[in-house]
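*Asks:* Pasted the sequence and its predicted model underneath.
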Amino acid sequence: MSPTFRSLANPNYRLYATGAVVSNTGTWMQRVAQDWLVLHLATNGGTAVGITTGLQFLPALLLSPFAGVVADRFPKRQLLQVTQVMMAVPAFVLGLLAATGAAEVWHVYVLALVFGIGTAMDAPARQSFVSEIVTPDDLTNAVGLNSASFNAARVVGPALAGVLIGALGGGTEATGWVIMANAVSYLAPILALRGMDPRRLTPAPVQRRHPGMVREGVRYVAGRPDLVLVLIVVFVVGTFGLNFQMTSALMATDVFGRGATDYGLLGTYMAVGSLTGALLAARRPVVRLRLVVGAAVLFGLAEIVAGLLPTYVAFAVWMPLLGLSALTMITAANTLMQVSTAPALRGRVMALYLMIFMGGTPLGAPVVGWVGETFGARWTLVGGGGITLLGVGLAVLWYAARSGGLSRVLTPVGAAGNLGPRVWDNQAVARARK
């Protein structure tokens with residue numbers, strides 16, 4: 001088997017990946033349909049989409065530390081089956097309201113928040129469960145394939161949603177049927193999880209409940225400057241740069257005067273680059289901090305250029321580069337956090353990572369939406385790219401001062417002579433347990 005796909009030789013991982021791609025396709029369909037629904041229901045479309053996005057990601061900011069403790073305390077295979085139901089129910093209710101013509105903006109707000117609670121509880125368990133399915137040698141490959149699966153769904157989901165919404169009339173009722181399709185898609189990962197062979201899994205030891213479990217995870221990360229650098233970068237990029245479901249909607253409608261189908265296709269064009277980045281990540285044997293930083297810088301520059309492009313065609317052609325740079329940064333950051341973290345703390349560390357990465361969206365999305373309404377859609381991209389470059393630059397300067405020079409950014413994780421992961425990890429574990 002090709003090195004790119006070696007994790008698929010594991011039967012349990014094949015089941016996991018199959019369920020994930022079905023569910024992820026439904027999720028991307030709902031994202032497009034939900035934004036289109038809000039644009040139809042609200043008079044101040046850009047701000048309303050920003051509020052919806054913020055509410056959907058707010059639980060990640062508030063609940064991730066608790067979700068990380070839950071992920072370390074309970075068997076992840078069983079926990080994930082529960083979280084799929086937690087996401088399916090609000091999706092079905094919202095879809096039913098929209099399909100019957102009864103949906104109002106406040107319905108979307110409330111159900112986006114409830115859906116976000118399910119997502120917040122699901123994410124740390126799902127991220128850390130991968131290390132229980134595959135061997136440590138295949139973990140980097142599996143993380144890359146997870147991203148490839150997510151972005152393969154992203155190629156299909158937005159385009160399929162746009163086509164279906166257009167074919168069903170383009171109104172609120174049409175979005176409802178697409179959202180309900182996402183609710184049904186959660187059956188796939190549930191069946192995949194139930195079908196796994198437990199004898200082939202290597203579960204992390206379930207941690208007994210004790211006071212200060214959240215603080216323990218925070219102290220561990222605080223003792224690892226390499227992980228702190230990653231968290232700063234993903235916070236800046238996630239908060240101000242990765243708002244494409246909103247910025248693409250504003251660019252498609254306000255700047256280029258396009259409809260639902262063309263808006264959905266923008267997500268597909270971006271996902272082509274994302275999928276390419278994910279497949280390249282699956283082949284990468286070593287993770288470097290410089291890859292996280294370099295990809296973030298490329299993303300910031302590409303986003304600024306995207307905001308200045310004159311036509312829909314030019315914008316669409318540029319989207320794959322945005323997808324490639326964004327996905328390279330995300331996959332490298334995710335892999336580094338998992339590969340170089342102590343197993344007993346992995347659920348809590350990944351929860352903090354997701355809290356920073358996803359939880360920044362409630363802070364940034366309303367601001368980006370307001371910028372679009374006040375200054376125009378182009379400034380959502382130009383401003384986001386500029387803030388990304390500034391934030392990454394400051395993060396690198398802090399890391400250089402903390403670790404003794406910029407050369408540390410260039411050293412592979414786990415390589416000989418790298419004081420970061422190995423020495424810092426020993427010190428961080430000791431501090432975390434005090």
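*Replies:* Received it, and whenever you're ready, just let me know what you need. Numbers count the residues shown, from 1 in each chain.
*Asks:* Point out where the stretch 101-250 of the chain drops to low pLDDT.
*Replies:* Low-confidence segments of the stretch 101-250 of the chain (pLDDT under 70): 151, 154-155, 207, 210, 245.
*Asks:* mind listing the helices for it?
*Replies:* Taking DSSP state H, counting those that start in this stretch, the helices of the stretch 101-250 of the chain run over residues 105-133, 139-167, 172-185, 187-194, 213-222, 225-240, 244-250.
*Asks:* Report all helices and strands that the helix or strand just after the shortest one contacts.
*Replies:* Right, helix 244-250. Downstream of helix 244-250, the next assigned helix or strand under DSSP states H and E is helix 260-283. Counting contacts by 3 or more CB pairs under 8 Å, 6 or more residues apart in numbering; DSSP states H and E, helix 260-283 packs against helix 11-41, helix 139-167, helix 244-250, helix 312-339. Quick note: C-beta positions are derived from backbone N, CA and C, even for glycine.
*Asks:* repeat that with 10 Å
*Replies:* helix 11-41, helix 139-167, helix 244-250, helix 289-308, helix 312-339 (3 or more CB pairs under 10 Å, 6 or more residues apart in numbering; DSSP states H and E).
*Asks:* can you give me the angle it makes with helix 312-339?
*Replies:* With axes from the mean of the first three to the mean of the last three CA atoms, to 10 degrees defining the directions, helix 260-283 sits at 40 degrees from helix 312-339.
*Asks:* from the middle of its chain, how far away would helix 260-283 be?
*Replies:* Centroid displacement of helix 260-283 relative to its chain, using CA atoms, centre = their mean, to the nearest Å, is 14 Å.
*Asks:* Repeat that for stretch 384-404.
*Replies:* Mean-position distance between stretch 384-404 and its chain equals 21 Å (CA atoms, centre = their mean).
*Asks:* any idea of the mean pLDDT for that stretch?
*Replies:* For stretch 384-404, the mean per-residue pLDDT is 89.
*Asks:* how about it: buried residues?
*Replies:* For stretch 384-404, a neighbour-count test (16 or more other CB atoms under 10 Å) marks Gly384, Gly385, Gly386, Ile387, Thr388, Leu389, Gly391, Val392, Ala395, Val396, Tyr399, Ser403 as buried.
*Asks:* And stretch 122-142, by the same measure?
*Replies:* Applying a neighbour-count criterion of 16+ other CB under 10 Å, the buried positions in stretch 122-142 are 122-134, 138-142.
*Asks:* now do stretch 249-264
*Replies:* For stretch 249-264, a neighbour-count test (16+ other CB under 10 Å) marks 249-256, 258, 260-264 as buried.
*Asks:* Just the CA coordinates for that stretch, please, in PDB.
*Replies:* What follows is stretch 249-264, C-alpha atoms only, in PDB (Å, rounded to 0.1, in the frame of the first residue of the first chain):
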ATOM      1  CA  ALA A 249     -20.900  34.100   1.500                       C
ATOM      2  CA  LEU A 250     -20.300  37.900   1.600                       C
ATOM      3  CA  MET A 251     -17.900  37.900  -1.300                       C
ATOM      4  CA  ALA A 252     -20.300  35.700  -3.400                       C
ATOM      5  CA  THR A 253     -23.400  37.800  -2.800                       C
ATOM      6  CA  ASP A 254     -22.200  41.400  -2.000                       C
ATOM      7  CA  VAL A 255     -19.100  41.700  -4.300                       C
ATOM      8  CA  PHE A 256     -19.700  39.300  -7.200                       C
ATOM      9  CA  GLY A 257     -23.600  39.100  -7.200                       C
ATOM     10  CA  ARG A 258     -23.700  35.300  -7.300                       C
ATOM     11  CA  GLY A 259     -26.300  32.800  -6.000                       C
ATOM     12  CA  ALA A 260     -26.300  29.700  -3.900                       C
ATOM     13  CA  THR A 261     -24.700  27.400  -6.400                       C
ATOM     14  CA  ASP A 262     -21.700  29.600  -7.000                       C
ATOM     15  CA  TYR A 263     -21.300  30.200  -3.300                       C
ATOM     16  CA  GLY A 264     -21.300  26.500  -2.600                       C
END
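*Asks:* Surely Val110 is in contact with Leu55?
*Replies:* Yes. Between Val110 and Leu55 there is a contact at 8.2 Å, judged by CB atoms under 10 Å.
*Asks:* re the thing from before, and the furthest pair within the buried residues of stretch 384-404?
*Replies:* Spatial extent of these (CB to CB) is set by the pair Gly384 and Ser403 at 28.1 Å.
*Asks:* before we move on, back to that, next, format the helices and strands packed on helix 260-283 as a markdown table and append distance to Ala183.
*Replies:* As requested, those are exported to a markdown table (distance: least, CB to CB, whole Å):
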| stretch | distance to Ala183 |
| --- | --- |
| helix 11-41 | 8 |
| helix 139-167 | 14 |
| helix 244-250 | 19 |
| helix 289-308 | 32 |
| helix 312-339 | 26 |
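*Asks:* before we move on, the earlier item: Val110 and Leu55 - which one has more neighbours?
*Replies:* Ranked by neighbour count (other CB atoms under 10 Å), Val110 and Leu55 place Leu55 first, with 22 against 15.
*Asks:* Which secondary structure state does that one sit in?
*Replies:* Reduced to three states with DSSP: H, G, I helix; E, B strand; the rest coil, the structure at Leu55 is helix.
*Asks:* Pull the contacting residues for it.
*Replies:* 108-116, 361-362, 365-366 (CB atoms under 10 Å, 6 or more residues apart in numbering).
*Asks:* Tell me the buried residues within these.
*Replies:* Val108, Tyr109, Leu111, Ala112, Leu113, Val114, Phe115, Gly116, Thr361, Pro362, Ala365, Pro366.
*Asks:* quick one: which two of those residues are the most distant?
*Replies:* Val114 and Pro366 (19.0 Å).
*Asks:* ok so, going back, identify the farthest-apart pair in the contacts of Leu55.
*Replies:* Distances among the contacts of Leu55 were taken as CB to CB; the most separated pair is Val114 and Pro366, at 19.0 Å.
*Asks:* Same list (the buried residues of stretch 384-404) but as JSON lines, adding distance to Pro211 and secondary structure.
*Replies:* Formatted as JSON lines, these follow (distance: CB to CB, whole Å; DSSP: H, G, I helix; E, B strand; the rest coil):
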{"residue": "Gly384", "distance to Pro211": "40", "secondary structure": "helix"}
{"residue": "Gly385", "distance to Pro211": "43", "secondary structure": "helix"}
{"residue": "Gly386", "distance to Pro211": "43", "secondary structure": "helix"}
{"residue": "Ile387", "distance to Pro211": "38", "secondary structure": "helix"}
{"residue": "Thr388", "distance to Pro211": "38", "secondary structure": "helix"}
{"residue": "Leu389", "distance to Pro211": "42", "secondary structure": "helix"}
{"residue": "Gly391", "distance to Pro211": "35", "secondary structure": "helix"}
{"residue": "Val392", "distance to Pro211": "37", "secondary structure": "helix"}
{"residue": "Ala395", "distance to Pro211": "32", "secondary structure": "helix"}
{"residue": "Val396", "distance to Pro211": "36", "secondary structure": "helix"}
{"residue": "Tyr399", "distance to Pro211": "32", "secondary structure": "helix"}
{"residue": "Ser403", "distance to Pro211": "32", "secondary structure": "helix"}
